[in-house]
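Asker: Could you work out the structure for the sequence below:
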Amino acid sequence: MTDNWTRGLLWFALLAWASLGPLSLHGRPGDPHPITPEGHARNKQLATEADQANLKRHASNPEMLVLPGLVADRNQRRVEVLVERTRLGPESPCEFTVIAETSDHAYEALLVTFARPSDVHRALQFIGTEPGEPFHPGADRFWAKGEPFILSIAETNEPRLRLERLLVDRRTGKTLREEGFLFTGSPRVPAIGDPRARVYAADEYQLKSIVSLFNSGHSVLQVPYAAPKSEVYQNTIINPEHELPGGVLLSLVIEPANPDGSKRVKDLGLRVRAGSAATDKSPTGVARLNSLDLELKDGGTILNAKPTLLTVLETLARLDRKKHDCFLTVTFEDDVELGDAQALARILSAIDSEKGVRIEPPPAGQLYYRAFTPGPSLLDREERIYHPWELSLSEKNGQVEGTLVRIDSVWREGKAVSELEASESRVSGPEDFRRALDAETERIRKAGIRARPPVILVFAPPTLHYGTFLKFLAPALPTHKTIHVYLDTPMPPLRPVHRNPTELP
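Answerer: Residues are numbered from 1 along each chain as shown. Next comes the predicted model:
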């Protein structure tokens, strides 16, 4: 595929458009919110004709992939997608740059394409790039991960225009950062109406996004930095200085940001072990950090010369951020004390950033490091907006047991405000813990009331070992993934709370 192919296709589209006469700039009479791009039916027909011509032209070329609405060239490592301009005017709010034709969100998007999201995904794989991982806070993935691509619009007899330049951040008055878009891919999920079938989420579920301006779990490509949905919609507008023509087919060119095939994603691992025991019976955070044995690895290569936190931080600081986005997986060994894990978690929270390292979800069966840096707001039972489970653990002679507390807001007749009611039960081990949670699930089902959020506040001694702690929590982790661990902080007293005389089942 060459620029001559692009120019030929666009000339064909423009000539066909011109022969059909002028187009209305407004929607159908009586349609107050027109979202179908002008000239859409004509553009769709032109796109179909272009697909047929491309299938014939490249039928015997294994280096070319032709799918509805796109052509991928493996030799040139380029994908070209047919798009059309939406009806959004200059300075209109915008959340998406490119959506599928079947999306209901043309009212907040810049471009619509005739290609399916899964076909764009397939085309990017065809030219040699595998998807990364989409933003997914529910799975502790707070950073989108993938190789970056440069997206630009090719207009006839005009230089290509980076997609970022078509949009402005109203906070700065500047166009978006030209850092490309990450190929994260969209996950496969149960189909609508048939949970046994698996479908490409962006094909079947709205928003049907192909290029998102905010961190999304269901878009083929998305921005490479932290961009909450609410902030993007409030602050991103269409650039009035680069107005694309409406009613015509355009070509969106997608190319790797690293044309030499080098990878931007660098996966690192940090293994945390107990080192020399702290001599102080009440060690400070510094003493705890100094007692740890740390190993930073890139694949099979150990990067830090000494097993200390200082050498790990020095090594991370030397990594080339211009060439790589560094992703770090943290693994705690069983012998690490919870107090040590908390001390390290506070350091990790300081370096977990776009310009630092982007911390990955934890390995299976472990807790995300942020579990050890909870805020105090959830401790205020009167002010918090929901009541998670509360579990207080203690260890004696190597055995761990706990007290499980359920707090409910109860509205009593004649009262203007709700009262807090506490029910508690002793849980002697992991099996007791799981049985108590299951009994609560059954109680809720029978009562037909709203389920409790799958969140647990855990109060534990800092000397408890990580492996022992996880063994107790393990039965609950598949259903209660959000854990907040409070150390050296006792469970708030229950005295001000009305006590339910009936213990938890």
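
Asker: Check which residues of stretch 310-327 are buried.
Answerer: Within stretch 310-327, the residues scored as buried using 16 or more other CB atoms under 10 Å are 312, 313, 315, 316, 319, 325, 326, 327. In this view, the C-beta of every residue, glycine as well, is placed from N, C-alpha and C.

Asker: For the stretch 301-450 of the chain, just list every one of the helices.
Answerer: Counting by DSSP state H, counting those that start in this stretch, the segments of the stretch 301-450 of the chain that form helices are 309-318, 338-351, 430-447.

Asker: follow-up on the earlier one: now distance to residue 92 and pLDDT too, for the buried residues of stretch 310-327, in JSON lines please.
Answerer: Below are these laid out as JSON lines (distance: CB to CB, whole Å; pLDDT from 0 to 100):
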{"residue": "312", "distance to residue 92": "47", "pLDDT": "98"}
{"residue": "313", "distance to residue 92": "45", "pLDDT": "97"}
{"residue": "315", "distance to residue 92": "46", "pLDDT": "97"}
{"residue": "316", "distance to residue 92": "42", "pLDDT": "97"}
{"residue": "319", "distance to residue 92": "40", "pLDDT": "95"}
{"residue": "325", "distance to residue 92": "31", "pLDDT": "96"}
{"residue": "326", "distance to residue 92": "36", "pLDDT": "97"}
{"residue": "327", "distance to residue 92": "35", "pLDDT": "98"}
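
Asker: Tell me who's in contact with the most centrally placed residue in the chain.
Answerer: Central residue of the chain (CA atoms, centre = their mean): residue 135, 1.0 Å from the mean position. Listed by CB atoms under 8 Å, 6 or more residues apart in numbering, the contact set of residue 135 reads 141, 142, 143, 144, 184, 215, 216, 217, 222.

Asker: out of these, which are inside strands?
Answerer: Among these, DSSP state E puts residue 222 in strands.

Asker: for the protein, which spans come out with low pLDDT?
Answerer: 1-34, 277-281, 495-505 (pLDDT under 70).

Asker: Could you chop it up by domain?
Answerer: 3-256, 265-368, 374-499 (automatic domain parsing).

Asker: Tell me the bridge partners for residue 419.
Answerer: Beta bridges link residue 419 to residue 410 when assigned by DSSP bridges.

Asker: Could you do the one 4 residues further on as well?
Answerer: Beta-bridge partners of residue 423, counted by DSSP bridges, are residue 406.

Asker: what number of residues lie near it?
Answerer: Counted with other CB atoms under 10 Å, residues neighbouring residue 423 total 17.

Asker: Then residue 141?
Answerer: 21.

Asker: ok, now which ones touch it?
Answerer: 133, 134, 135, 360, 361.

Asker: Now do the nearest residue in space to the fourth one that is not next to it in sequence against residue 141, distance only.
Answerer: Computed as CB to CB, 6 or more residues apart in numbering, the closest residue to residue 360 that is not its neighbour in sequence is residue 329, at 4.4 Å. Using CB to CB, to the nearest Å, residue 329 is found at 11 Å from residue 141.

Asker: got any residues that touch both of these two?
Answerer: Common neighbours of residue 329 and residue 141, counting by CB under 8 Å, 6+ apart, are 360, 361.

Asker: Many thanks, I have nothing further to ask.
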